[in-house]
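Asker: here you go, sequence then predicted model.
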Amino acid sequence: MSFAIDPVCGMPAPATSKFQATHEGRSYSFCSEFCRGAFLESPAQYEGPSPAERRKNGQSLRLIAYFSMEVGVDERMPTYAGGLGVLAGDTLKAFADLEVPVIGVTLIHRRGYFRQSLDEQGRQREVPVAWDPAALLRLLPARVQIRLEGRPVVVQAWQFDVAGASGFSVPLLFLDTDLPDNTAGDRDLTSSLYGGDERTRLAQEAILGIGGLRMLRALGHDSLTRFHMNEGHSALLAVELLREGKTPELDFAAVRDRCVFTTHTPVSSGHDQFEHGLVKNLLGDVLPPTVFQMLGGRDRLNMTLLALNLSQYVNGVAKKHSVVSQEMFPGYPIHSITNGVHSRTWTSPHFASLFDRHIPGWAADPFSLRHAMAIPDEEIWEAHVAAKKDLLEEVNRQTGGGFDAGALTLGFARRATAYKRADLVFADPARLIDIVERTGPLQIVFAGKAHPRDEAGKELIRSVFRHARELRGRVKIAWLEDYDIRIARLLTAGADLWLNTPLAPLEASGTSGMKAAHNGVPSLSVLDGWWIEGCIEGVTGWAIGGTASPTEADAESLYRKLKEVVAPMFYNHRWHWIDVMRHAIAINASHFNAHRMVQQYAALAYA
């Protein structure tokens, strides 16, 4: 098949692509309807230098703006709290790899989320994270203002270039109010992620949505045709688009045509809501109160509802999650684009080297990981043993626990909150002891932070520590401190088995099991989120319970699978175990990756 170069984004497009256009006697091929539409709106701007030449000259046009309250794009920058931010970082990396003309917008979070320390009882202590933006980012000259409580607040921006595999980069703007022009309170608004009260939270969302759009305009990004809101935190961006409309009447349809919204929250209480009085006091007359009530709810301003009403394409992050979201917001069409992870980021050096030898080009085309079916057993196991060694070195460094490389090691790493049920595996400690005595030694490595105000999440960590003391000498248990991207990479690559036990249907997607699959680590997981799509029983891993089982039934299913299937296979049928590892790579890693996800956004949401 011959290929042409899409004149808009520079991606290869089949010469026989269904997305074609003719201008002044010349035919053009496009990778998507989105790029074809952009060309037809203004052919002249794409008839000069090629996309490659524009990139070389620093003239790359940005057509899509991606807004997210948190972004985890580099482990040196603590600008993320958990899965939402890491997913945003993976998304921007995939945009860069695929040369999609995107610019990202987030807040700088100068004091990060927090650094976690745990005492011997598992009590969490939160310490602010100090980092220097000037060491990693470039300060831009532009300044914009927004008004909060009637006074001007000045916003500046720092830029980080997210580099793709081919040299194309996606600029990521970090908005910052720490300027002498602002009051002490306003300077602090962009300091801490998810910190402070409702007023602080709404102010941060105004800086992100309103300030972010004004910054894009100030920097000359006037060709943007799509605005992607990653969660409802940036919904005020759509309000600012309404405000800057050129007609006397608010043009809802024009704004809707340009906005895309991804929701990540499967429970009503997880959606940001603000009293209309607070909105009026903080934001003033940015929109008439009656319009806010019409778009975001009569009683309180629901940011998810606001985004739903002002977006032409809305999606959940897994097929099941889209169904749950549709039930939560009846009347709104909610599509499904299942999350994916950035393959190059989440594949350990040991498996990356293995794939380089057997699947050249896998990082640029993760779908080619399906060819892992041809990798010899011994080489898969050798790469896993090396990744496991890296993990256990970290575990033993932190705990001095003498973890054994030969023992079946379960990994569990995610936000510490009640519905994740980190302690489900301890529902009946006697059953765990019986499994060890009948099959072989068992080790469990946990990691995760509880939100500073989530007392139930903090109690969950303490509960795991109590069980670790009670099972000492029978089952080795560790909780690694200060969960971050580095720890996540070690755990998802080095565990033998990935454990996931959310209370269904509260898991929107989950991505840690996808990361594990990139390293040949099969999952043992409740059927919720992405695992409903990724689980082929006994082939890519194993399911716990049904799609909405009570806790007791899930615990029983977990113990039965460990005792009758998982542990016996690991200890007695190693080559069968390696075959499950191989299928986890070939089936799940080849599909549940950010390249596939971004291609779906380009074809479905941005078209």
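Answerer: The structure has been received and is ready for your questions.
Asker: quick one: low-confidence residue ranges for the stretch 151-300 of the chain.
Answerer: Residue ranges of the stretch 151-300 of the chain with pLDDT under 70: 246-248.
Asker: next one: the chain
Answerer: Judged by pLDDT under 70, the stretches of the chain that qualify are 1-4, 9-15, 45, 47-60, 246-248, 547-549.
Asker: so what are the domain limits for it?
Answerer: Domain segmentation of the chain under automatic domain parsing yields 1-61, 62-110+137-273+304-339, 343-591.
Asker: and the longest helix along the chain, what does it pack against?
Answerer: If you go by DSSP state H, the chain has its longest helix at helix 377-399. Applying 3 or more CB pairs under 8 Å, 6 or more residues apart in numbering; DSSP states H and E, one finds that helix 377-399 makes contact with helix 349-358, strand 408-413, strand 476-480, helix 485-494, helix 574-583. Bear in mind the C-beta positions are built from the backbone N, C-alpha and C, glycine included.
Asker: please repeat the previous calculation with a cut-off of 10 Å.
Answerer: helix 349-358, strand 408-413, strand 442-447, strand 476-480, helix 485-494, helix 574-583 (3 or more CB pairs under 10 Å, 6 or more residues apart in numbering; DSSP states H and E).
Asker: can you lay out those as TSV showing distance to residue 149 and mean neighbour count?
Answerer: Below are the helices and strands packed on helix 377-399 laid out as TSV (distance: least, CB to CB, whole Å; neighbours: other CB atoms under 10 Å):
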stretch	distance to residue 149	mean neighbour count
helix 349-358	51	18
strand 408-413	40	24
strand 442-447	40	24
strand 476-480	42	23
helix 485-494	36	23
helix 574-583	57	18
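Asker: identify whichever of the ones you listed lies nearest to residue 255.
Answerer: Nearest to residue 255, of all the helices and strands packed on helix 377-399, is helix 485-494, at 34.9 Å by CB to CB.
Asker: okay, the angle between the closest one and helix 377-399?
Answerer: Relative orientation of helix 485-494 versus helix 377-399 (axes from the mean of the first three to the mean of the last three CA atoms, to 10 degrees): 140 degrees.
Asker: ok, the next helix or strand after helix 485-494: who's next to it in the sheet?
Answerer: Going down the chain from helix 485-494, the next helix or strand is strand 497-500, by DSSP states H and E. Neighbouring strands of strand 497-500 in its sheet, by DSSP bridges, are strand 408-413 (parallel), strand 523-526 (parallel).
Asker: report the distance from the following helix or strand past the shortest one to the chain centre.
Answerer: Toward the C-terminal end, the helix or strand that comes next after strand 523-526 (DSSP H and E) is helix 531-534. Its chain's C-alpha centre lies 17 Å from the corresponding centre of helix 531-534 when counted by CA atoms, centre = their mean, to the nearest Å.
Asker: for helix 531-534, name the packing helices and strands.
Answerer: In terms of contacts (3+ CB pairs under 10 Å, 6+ apart), helix 531-534 is packed against helix 319-328, helix 512-517, strand 523-526, strand 541-544.
Asker: go again with 7 Å.
Answerer: When contacts are defined as 3 or more CB pairs under 7 Å, 6 or more residues apart in numbering; DSSP states H and E, helix 531-534 sits against helix 319-328.
Asker: quick one on the thing from earlier: CSV please, covering the strands paired with strand 497-500 and showing distance to residue 39.
Answerer: Output for those, formatted as CSV (distance: least, CB to CB, whole Å):
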stretch, distance to residue 39
strand 408-413, 44
strand 523-526, 43
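Asker: go through those strands and name the closest to residue 190.
Answerer: Here strand 408-413 is closest among the strands paired with strand 497-500 (CB to CB), at 27.9 Å.
Asker: list the buried residues in stretch 188-208.
Answerer: Within stretch 188-208, the residues scored as buried using 16 or more other CB atoms under 10 Å are 188-195, 199-208.
Asker: can you list contacts of it?
Answerer: Outside of stretch 188-208, the residues within contact range by CB atoms under 7 Å, 6 or more residues apart in numbering are 67, 69-70, 81, 105, 107-113, 146, 148, 155, 175-178, 233-234, 236, 272, 274, 278-279, 282-283, 303, 451.
Asker: out of the strands paired with strand 497-500, which gets nearest to residue 478?
Answerer: Of all the strands paired with strand 497-500, strand 408-413 comes closest under CB to CB, at 9.9 Å.
Asker: quick one, the closest one and helix 574-583 angle?
Answerer: 20 degrees.
Asker: what angle sits between the helix or strand just after strand 408-413 and strand 408-413?
Answerer: Beyond strand 408-413 on the C-terminal side, the first helix or strand identified by DSSP H and E is helix 429-439. If you take the same axes, to 10 degrees, helix 429-439 sits at 140 degrees to strand 408-413.
Asker: who does helix 429-439 touch, helix- and strand-wise?
Answerer: Partner elements for helix 429-439 (3+ CB pairs under 7 Å, 6+ apart): strand 442-447, helix 567-572.
Asker: pull out the buried positions in the last one.
Answerer: Just to be clear, that refers to helix 567-572. Residues of helix 567-572 classed as buried: 567, 568, 569, 570 (neighbour count, 16+ other CB under 10 Å).
Asker: just send these back as TSV, with distance to residue 465 too.
Answerer: Below are those laid out as TSV (distance: CB to CB, whole Å):
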residue	distance to residue 465
567	24
568	30
569	30
570	26
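Asker: related to what we said a few turns ago, quick one, which of the helices and strands packed on helix 429-439 is nearest to residue 339?
Answerer: Among the helices and strands packed on helix 429-439, strand 442-447 sits nearest to residue 339 (CB to CB), with 19.9 Å.
Asker: how about that closest one as PDB, C-alpha atoms only?
Answerer: Taking Å, rounded to 0.1, in the frame of the first residue of the first chain, the C-alpha atoms of strand 442-447 are listed here in PDB:
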ATOM      1  CA  LEU A 442       3.100 -16.000  49.100                       C
ATOM      2  CA  GLN A 443       4.200 -12.300  49.200                       C
ATOM      3  CA  ILE A 444       2.100  -9.200  48.700                       C
ATOM      4  CA  VAL A 445       3.500  -5.800  47.900                       C
ATOM      5  CA  PHE A 446       1.200  -2.800  48.200                       C
ATOM      6  CA  ALA A 447       1.600   0.900  47.400                       C
END
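Asker: perfect, that will be all.
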